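Chemist: starting from these lines, generate the structure:
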Amino acid sequence: MKKVFKLIIFVAFIAIVQSSCQDESTNPETLIGTWTCTEAESPNSVPNPYFVYIEKSEIDSSVYLIGNYSNLGAATAVKAKLNGNTFTILSQQFTDGSAMFTTQGEGTVSNNTRRIDLSYLLDGDEVNAVLTKK
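Modeler: This next block holds a predicted model:
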């Protein structure tokens, strides 16, 4: 009986230690929805708030689509991936229907998943953006 009790205590201890070491990553489902984006292309520029839409790709479940990216229209979407709290805008070319753009970047999702701080390149120009969700 003592051996069984010690075994139960040992298994419980291992379970507690393992769960405390797991990555505190963002719940992917909380990113889906409408976000308010405020960006500035330089420290002296006036912030330009607009809405972006984040959804999961139907083709690849590890990819998110950011619609109305850089306020280029609702039909304009770029691909991003989430790893822990790091939100990476994949290096890609995309079009808004009249022009071709190149982008890539990275950001951090807040622990409460209500804010994403992004820094990305759009045709070589650095853009800093803050996405907030209510």
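Chemist: name the element residue 90 belongs to?
Modeler: In the assignment (DSSP states H and E), residue 90 maps to strand 86-95.
Chemist: packing partners for the following helix or strand past that strand?
Modeler: For strand 86-95, the succeeding helix or strand toward the C-terminus, using DSSP H and E, is strand 100-109. Under the contact definition 3 or more Cβ pairs under 8 Å, 6 or more residues apart in numbering; DSSP states H and E, strand 100-109 sits against strand 86-95, strand 115-122, strand 125-132. From N, CA and C alone the C-beta is placed, and that goes for glycine too.
Chemist: what's next to the first one, contact-wise?
Modeler: Taking Cβ atoms under 8 Å, 6 or more residues apart in numbering as the criterion, the residues outside strand 86-95 that touch it are 31, 63-64, 66, 69, 76-82, 100-109, 116, 118, 120.
Chemist: now, of the residues you listed, which are buried?
Modeler: Among these, those classed as buried by neighbour count (16 or more other Cβ atoms under 10 Å) are 31, 64, 66, 69, 76-80, 82, 101, 103, 105, 107, 109, 116, 118, 120.
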